[in-house]
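J.: what follows is a protein structure lacking sequence information:
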């Protein structure tokens, strides 16, 4: 049984360059290990490492991004991922082999990210200014988002579960963006944990609108994650 409390708000550890100099505590059974990286704090330290640690595909994807902020965010996220994976696995970050598992629906190689042959599971999410990384001993999904504008909420609410859409409609307008972001991050974290992502119909799963915590999902524990004002985040962990 998962050890996450019924209505948790988890607090990630802040990533700083100094963290890389010590071995991070590994995730405990049933509990994810969460790290929050602020791009502005780490972009300077990451810049000289990106060319050495990232593989050719990662470097190409970073270079293809048009905005400097997006390139910085990508490099920070993926350098941090490699540094932490290397520390957890006891290998050089540049030697970490990253692959994608088969999608559980179509079997194409776009499922959860994976390091072949090791029991550690992980998930990475980034948004403007921040990255969230989650590590666990079972399948895990993480998501962080900046609170959306009102027009985005209006456009996307109908794509959610009918009970979620009704809950959002009942929210005071000034609280609706935060409520929508709670739903979206919970749902995306869960779907990333499944290895399906946003290719699945978002109306199928009810994760709940309430600020008191997400709904229980069969076989999974979904938790909100405490992040900076103006953002929302969540993590989903498969029960052992």
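T.: That came through fine. What you are looking at is a predicted structure, and each value in this text was computed from that prediction instead of being measured.
J.: low-confidence regions, this structure specifically.
T.: Scanning the chain for pLDDT under 70 picks out 1-8, 20-21, 23.
J.: pick out the residue closest to the middle of it.
T.: In the chain, the C-alpha nearest the mean C-alpha coordinate belongs to residue 142, at 2.6 Å (Cα atoms, centre = their mean).
J.: please report the distance of that residue from residue 222.
T.: 11 Å (Cβ to Cβ, to the nearest Å). Heads up, the C-betas are built off the backbone N, CA and C, glycines and all.
J.: what do the two both touch?
T.: Listed as contacting both residue 142 and residue 222 by Cβ atoms under 8 Å, 6 or more residues apart in numbering are 189, 234-236.
J.: what's the closest of those residues to residue 214?
T.: residue 234 (7.0 Å; Cβ to Cβ).
J.: ok so, going back, doesn't residue 192 make contact with the residue nearest to the centre of the chain?
T.: Yes - counting by Cβ atoms under 8 Å, residue 142 touches residue 192, with 7.0 Å between them.
J.: so where do the strands sit in the chain?
T.: For the chain, the strands defined by DSSP state E cover 9-10, 13-14, 33-38, 99-100, 113-114, 121-127, 130-136, 140-146, 220-225, 231-238.
J.: state the distance from residue 159 to residue 165.
T.: 8 Å.
J.: when the two are compared, which one has more neighbours?
T.: It is residue 165, of residue 159 and residue 165, that has more neighbours when counted by other Cβ atoms under 10 Å, with 18 against 14.
J.: quick one, what contacts the closest residue in space to that one that isn't next to it in sequence?
T.: Nearest residue to residue 165, sequence neighbours excluded (Cβ to Cβ, 6 or more residues apart in numbering): residue 157, at 5.1 Å. Residue 157 is in contact with 164-165, 168-169, 180, counting by Cβ under 8 Å, 6+ apart.
J.: circling back: now the two most distant members of the shared contacts of residue 142 and residue 222.
T.: Applying Cβ to Cβ across these, the maximum distance is between 234 and 236, 6.9 Å.
J.: give the residues shared as contacts by the two.
T.: If you check residue 234 and residue 236 against Cβ under 8 Å, 6+ apart, the residues they both contact are 142, 186, 189, 222-223.
J.: so which of those residues comes closest to residue 39?
T.: Distances from residue 39 to those, taken by Cβ to Cβ, are shortest for residue 142, at 16.2 Å.
J.: please tell me how far the closest one sits from residue 66.
T.: Using Cβ to Cβ, we find residue 142 at a distance of 25 Å from residue 66.
J.: again with residue 132
T.: 23 Å.
J.: go on, residue 155?
T.: 23 Å.
J.: and the two? which has more neighbours close in?
T.: More crowded of residue 155 and residue 66, by other Cβ under 10 Å: residue 155, with 11 against 6.
J.: for the more buried one, which residues are in contact?
T.: No contacts exist for residue 155 under Cβ under 8 Å, 6+ apart.
J.: what do you get for residue 180?
T.: 148, 153, 156-157, 168.
J.: same question for residue 147.
T.: The contact partners of residue 147, by Cβ under 8 Å, 6+ apart, come to 177-178, 181, 230-232.
J.: do the same with residue 208
T.: By Cβ under 8 Å, 6+ apart, the neighbours of residue 208 are 164, 167, 183, 186, 214-215.
J.: out of those, which comes closest to residue 240?
T.: Proximity of the contacts of residue 208 to residue 240 (Cβ to Cβ) peaks at residue 214, which lies at 19.3 Å.
J.: so what's the residue nearest to the centre of the chain bridging to?
T.: Note on residue 142: beta-bridge partners by DSSP bridges are residue 235.
J.: please report how far it lies from residue 163.
T.: Distance from residue 142 to residue 163, by Cβ to Cβ: 24 Å.
J.: can you check residue 73 too?
T.: Taking Cβ to Cβ, one finds residue 73 at 33 Å from residue 163.
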